[in-house]
Structure formats: structure tokens, C-alpha cells
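> The sequence and its predicted three-dimensional model are supplied below.
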Amino acid sequence: MIHFTRTILDNGLTVICNTDRNTPFVSVNILYKVGSRNEQEDKTGFAHLFEHLMFGGSEHIEDYDRHVQLAGGDSNAYTTNDLTNYYITIPAANLETAFWLESDRMAGLNFSQHSLDVQKQVVTEEFKQRYLNNPYGDIWLKLRPLAYQVHPYRWATIGVSPEHIERATLQDVKSFFHRFYAPDNAILAISGNIEEKQALALVKKWFDDIAPAGLIPDPIPVEPQQTEERRLIVPDNDVPADAIYKVFHMGGRKSENFYACDIISDILSNGQSSRLYVNLIKNKRLFSGIDAYVSGDADPGLFIFSGKLSAGTDIQQAEAAIDEEIHQFIQDRISEHEVQKVINKTEARIAYSEINYQSKASNLAFFEFLGDINLINTETECYQQIDINKIKATAQAIFSPSNCSTLYYLKK
């Protein structure tokens, strides 16, 4: 059981504290409730751009990383479709340094044309190197708009095109910052060797005077139910092997459907005793690698099959083999042993995440973002409540051709 306190400051900042005496460090995690799903259709990639801009200096602190390192700490960040997360790991004695750094860049970045130009160049180069000039790099740039027609999950966190970042103006990024980077759109989670009352007092000292944005979020379009199969063939790619992706719409992160789909994905492809590995790699040798996994998005997401074909395998043969595995999963018996093995692995993974103070800070912020922070202590029960009947019903409901989008990614 993870014990924590939860406080909301007058300016709307949600503060969560957890004491862990097993480490001399503290993790300070700030989650901003802004991801690529909050962007405008003609200005994508901004959430990811800000992940870079936030390390470019604030109004009173020119070099953020230098002060983190001088305090013996480490910092990083990541952006998803749903959120942007920043974290500092720092010795407990220097906790106030982390609050000083984070509060100053929340209160105001150092907006300059030079800083923006530098980070725009960094992000556009990342776009080109990782997504456009990397083998298989652009698959999700093609697959997302195939699977989604309305919801902003139809573009990746990097954005639709480098041009959206290249044409971003100083006013564009200022507007984005003042709208989303505010205490009432943030969750501050702290875990480590701290006394919770003292930590909360320091948070109030450094964050209390930051004004809220009063954000009224734009409604996010609901993706309509897919009613017919979609296909896309992308030929002549400079890749070592053909690849196939088949994606099916599924429930969002808090839904019962998510937990059932997560178990299904592990039965199919978690480990060398899983069905896809044994049948399609080991026995039939159709694939050099194949996975089944869930996207885990806050809003309804995707159940994904992805496979790299072995030399000599026809891609239609490969797809037929995946379809047969899906058919067998729905029709054949699922053993209690298969299900329990997956649930045991999941329980172990969750238990392991409770050991590490950095994981605890991140998870506390994430579950608060989802709207149910108590999931950090009860999520194991969500998995345990999924039985074989629920697994069968879920597989039959989502694995329908009319709910599927398929991408053939063919080598030259």
C-alpha cells in the first residue's frame, strides 16, 4: 500500500506527497495536462516542442541543466498524446533547488527568438532523422491517420509535418505556454526521503504566487465507431523486410476494456511461450518478430499487431496467419493457466513499480491525471476481475474486420 497526501493549492496546483525512507533521494515529477491531442490541426508538434523549450532557460535561470547537475540531480521529460511529463531526481537535502527550478519555468520561460530558432531546428532534425530518414520511422505517421478520422490521435506527438514547427512564431509558442503551462493545469508529485508537511510548505513557498490560467479545455472530438475495414499499402521502402500492422479500436485507459485487452495482448505475445511466438516465429517461421500490444491512451486507443516478415514470406500469407491466430483465440479454449500466468506477471510489474521512488512519483501523477489516484493501490484488482468469459467477449467484440485498419509496409 502506497501512502500519500493530496492537496490542491489556491491557484489550482495539485500536490501529491509520498514519503520513502529507503532512499536518500527525492523525485519531483510535474505533469502538465497537455499532449498532442490538445493541439490545433494546423499547429501540431507543439507539445513536443515545449518539452525542448522548457529546458532552454526561464526568466531568472539561464541554464536549467547546470543547476540540476550542481545540486547532484538528474532531469528529463517526455511527451505523449495525452500529457507532458517533467521530472528531477535530486538528493533530499537539495529538494528546494528542484522547486526553485520548476516554479521559475512554470512562472515564465525566457521567450526569445534565438531560443525558439534553436529548438525548432532541434525538433525538425529529430523529425527528419527519427521519422523520415529512419527505417520504418514513418509507419505511425501513416497508420494513425488511417485508424483515426476525427480524434487528434490521428497525428503523432512529433506532429504531422516538420513544416508545422518550422513556421511556428514566437507569439504561437507564447500563447501555447500561457494556456497550458499553469498551476491549474499541472500535477506535482513528490516521492522520496521527505517529510510531507515540510515538502508541502516548500511547494507553497515556491508555487503559491503563480497565477492560474483559468483554462477551459476545448472539447476533444469523439472518434466515431469504425464500420468498415481500412487498408493502406506503402511500397518501395528502404527497409530490410516487409512489415505488417493491424490495429483495432479499443477502450480508454480507465475502462474495463483496457484491462481485458492488456491481458489478451500478453497471452498472445508476452514471452517465448506466447501464442504468436510459438506458432508464427518458432513453428511456422513466417515472422522474424511479431508483437501484440495496447496503446494505453487516456481516450479510446488501439490494440496493435505488428510484425516483421521472414525472408520468403508473402505478406498476404503473413496476414492470413495473424487472422487465423485471432480466430483461434476467439474460438478455442483459453486455459486458466494462461490467464493466471499473465496476471501474475502483471502483479509483479506493478509491485516492482512501487519499489522505486521515481516510478511512484510518476505513477501518482499519472493516476491523478486519469482522475482516480487510488488506482496506484487498486489497479491489481482491476486485472484480477477479468475472467476468461470477459476475455472471450472482449476479443470477439474488438477483433472484427470492420474495426480493423491494416498497413502493408513493403521493402524495395
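Arrived safely.

> For stretch 232-242, report the contacting residues that lie outside it.
135-136, 142-143, 146, 288, 308-311, 313, 315, 318, 405-412 (Cβ atoms under 8 Å, 6 or more residues apart in numbering). (Each C-beta comes from the backbone N, C-alpha and C, glycine too.)

> Check these for burial and list the buried ones.
Among those, those classed as buried by neighbour count (16 or more other Cβ atoms under 10 Å) are 136, 143, 146, 308-310, 313, 315, 318, 405-410.

> The residues you listed in helices, which ones?
Among the buried ones among the contacts of stretch 232-242, the ones falling in helices (DSSP state H) are 143, 146, 315, 318.

> Nearest to residue 166 among these?
Ranked by distance to residue 166 (Cβ to Cβ), those are led by residue 143 at 23.8 Å.

> Quick check: bridge partners of the closest residue to the closest one other than its chain neighbours?
Closest residue to residue 143 apart from its sequence neighbours, by Cβ to Cβ, 6 or more residues apart in numbering: residue 407 at 5.1 Å. For residue 407, the beta-bridge partners are residue 232, residue 245 (DSSP bridges).

> pLDDT value on the residue located most distally from the centre of the chain, please?
What lies farthest from the middle of the chain is residue 312; by Cα atoms, centre = their mean that is 35.0 Å. On pLDDT, residue 312 comes in at 94.

> And for residue 265?
The model's pLDDT for residue 265 equals 97.

> can I assume it sits in a strand?
No: counting by DSSP: H, G, I helix; E, B strand; the rest coil, residue 265 is not found in a strand; it is helix.

> Relative to residue 288, how far out is the most centrally placed residue in the chain?
Centroid-nearest residue in the chain: residue 80, 4.4 Å away (criterion: Cα atoms, centre = their mean). Distance from residue 80 to residue 288, counting by Cβ to Cβ, to the nearest Å: 28 Å.

> Check residue 409 too.
Following Cβ to Cβ, the distance that separates residue 409 from residue 288 is 14 Å.

> now do residue 408
Residue 408 sits 16 Å away from residue 288, going by Cβ to Cβ.

> buried sites along stretch 197-217?
Buried residues in stretch 197-217, counted by 16+ other Cβ under 10 Å: 199-200, 202-204, 206-207, 210, 213, 215.

> model confidence over that stretch, on average?
The model assigns stretch 197-217 a mean pLDDT of 95.

> mind checking how far stretch 51-65 is from the chain centre?
Here the centre of stretch 51-65 is set off from its chain's centre by 24 Å, with Cα atoms, centre = their mean, to the nearest Å.

> How far does that stretch stretch from one end to the other?
14 Å (Cα to Cα, to the nearest Å).

> which residues are in contact with that stretch?
Under Cβ under 8 Å, 6+ apart, the answer for stretch 51-65 is 67, 75, 77-79, 84, 86, 100-101, 104-105, 107-110, 115-116, 118-119, 122-123, 173, 177, 181.

> Of the residues you listed, which belong to helices?
Per DSSP H, those map to helices at 67, 100-101, 104-105, 107, 115-116, 118-119, 122-123, 173, 177.

> Just put these in JSON lines and tack on neighbour count.
As requested, the ones in helices among the contacts of stretch 51-65 are arranged in JSON lines below (neighbours: other Cβ atoms under 10 Å):
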{"residue": "67", "neighbour count": "18"}
{"residue": "100", "neighbour count": "17"}
{"residue": "101", "neighbour count": "24"}
{"residue": "104", "neighbour count": "20"}
{"residue": "105", "neighbour count": "23"}
{"residue": "107", "neighbour count": "18"}
{"residue": "115", "neighbour count": "17"}
{"residue": "116", "neighbour count": "21"}
{"residue": "118", "neighbour count": "14"}
{"residue": "119", "neighbour count": "21"}
{"residue": "122", "neighbour count": "15"}
{"residue": "123", "neighbour count": "25"}
{"residue": "173", "neighbour count": "21"}
{"residue": "177", "neighbour count": "21"}
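
> Distance of the residue nearest to residue 14 when sequence neighbours are not counted relative to residue 7?
Counting by Cβ to Cβ, 6+ apart, residue 187 is the residue found nearest to residue 14 once chain neighbours are left out, at 4.7 Å. Separation of residue 187 from residue 7 (Cβ to Cβ): 11 Å.

> which one of these two has more residues nearby?
residue 187 (25 against 14; other Cβ atoms under 10 Å).

> List the buried residues in the helix or strand encompassing that one.
For residue 187, the host element (DSSP states H and E) is strand 186-192. The neighbour-count check on strand 186-192 (16+ other Cβ under 10 Å) flags 186-192 as buried.

> ok, now stretch 23-36?
By neighbour count on 16+ other Cβ under 10 Å, the buried set for stretch 23-36 is 23, 25-36.

> So which of the residues you listed sit within strands?
Under the assignment DSSP state E, the buried residues of stretch 23-36 contribute 25-32 to strands.

> Show me the shaky parts of this structure.
Judged by pLDDT under 70, the chain has no weakly predicted residues.

> how about the strands of the chain, start to end?
5-8, 14-19, 25-32, 74-79, 84-91, 186-192, 230-237, 243-249, 287-294, 302-309, 404-411.

> Give me the sheet partners of the first one and which way each runs.
Strands that pair with strand 5-8, judged by DSSP bridges, come out as strand 14-19 (antiparallel).

> and the partner strand with strand 25-32, angle?
160 degrees (axes from the mean of the first three to the mean of the last three Cα atoms, to 10 degrees).

> can I have strand 14-19 written out in PDB, keeping just the CAs?
C-alpha atoms of strand 14-19 as PDB (Å, rounded to 0.1, in the frame of the first residue of the first chain):
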ATOM      1  CA  THR A  14      -2.500  19.600  -7.300                       C
ATOM      2  CA  VAL A  15       0.300  18.400  -5.000                       C
ATOM      3  CA  ILE A  16       0.800  14.800  -4.100                       C
ATOM      4  CA  CYS A  17       3.500  13.700  -1.500                       C
ATOM      5  CA  ASN A  18       4.800  10.200  -0.700                       C
ATOM      6  CA  THR A  19       7.500   9.500   1.900                       C
END
